[in-house]
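In: A predicted structure for the sequence below; I have some questions about it.
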Amino acid sequence: MNTKVLHHWLKRRRSNRLRTRAIKMIDTAIYGVALLGIIATIPQVTKVWLGQDASGVSLLAWSGYLITAFFWLAYGIIHREKPIIFAYLLWILLDALIVIGVVVHG
C-alpha cells in the first residue's frame with residue numbers, strides 16, 4: 001500500500017471516529033435541551049391552571065403550537081427519531097394543557 005493512500009485512509013478513519021463521537025454527544029444532549037424547553041413552559045401552565053388566569057395567553061398561538069407539535073411527533077415516528085418523539089409527546093401534553101386551560105379559564 002502506498003504511503004499517501006495509507007495516510008489518507010488513517011486520516012479519514014480518525015475523522016470518522018471524531019464525527020461519530022460528536023454525533024453521540026449531541027444525541028445525548030438533545031434530551032436535556034428538550035427538557036429545558038419543556039421546563040420553560042411550566043410557568044405558563046401553572047399560571048393558567050393554578051392561578052386560573054389565562055389573561056394574555058393567546059388561544060390561537062397555543063393552538064398553533066399544539067398542531068405543529070403533532071406534525072413533529074408524526075415526523076419523529078416516521079423517521080424513528082427518539083429525541084423528537086420524546087420531546088413532542090411532552091410538548092403536546094403541555095400545549096394541550098394550556099389550550100384547555102385558556103378555554104376553561106379564559
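Out: Good, I have the coordinates.

In: Could you list the low-confidence segments of the protein?
Out: By pLDDT under 70, the low-scoring segments of the chain are 1-11, 13-15.

In: which helices and strands does the top helix by length along it pack with?
Out: When the chain is parsed with DSSP state H, its longest helix is helix 3-49. If contacts are counted by 3 or more CB pairs under 8 Å, 6 or more residues apart in numbering; DSSP states H and E, helix 3-49 sits against helix 82-105. Any C-beta I mention is one placed from the backbone N, CA and C, and that applies to glycine too.

In: which residues sit against the helix it packs on?
Out: With contact meaning CB atoms under 8 Å, 6 or more residues apart in numbering, helix 82-105 is reached by 27, 30-31, 34, 37-38, 41-42, 44-45, 48-49, 52-54, 57-59, 62-63, 65-66, 69-70, 72-73, 75-77.

In: Got a ChimeraX select line for the buried ones in those residues?
Out: Here is the ChimeraX command that picks out the buried ones among the contacts of helix 82-105, judged by 16 or more other CB atoms under 10 Å:
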select :30,34,38,41,44,45,48,49,54,57,62,63,65,66,69,72,73,76
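
In: Around the nearest residue to Tyr31 once chain neighbours are set aside, count how many other residues there are.
Out: Closest residue in space to Tyr31, ignoring its immediate chain neighbours: Pro83 at 5.9 Å, by CB to CB, 6 or more residues apart in numbering. Other residues near Pro83 come to 16 when the count uses other CB atoms under 10 Å.
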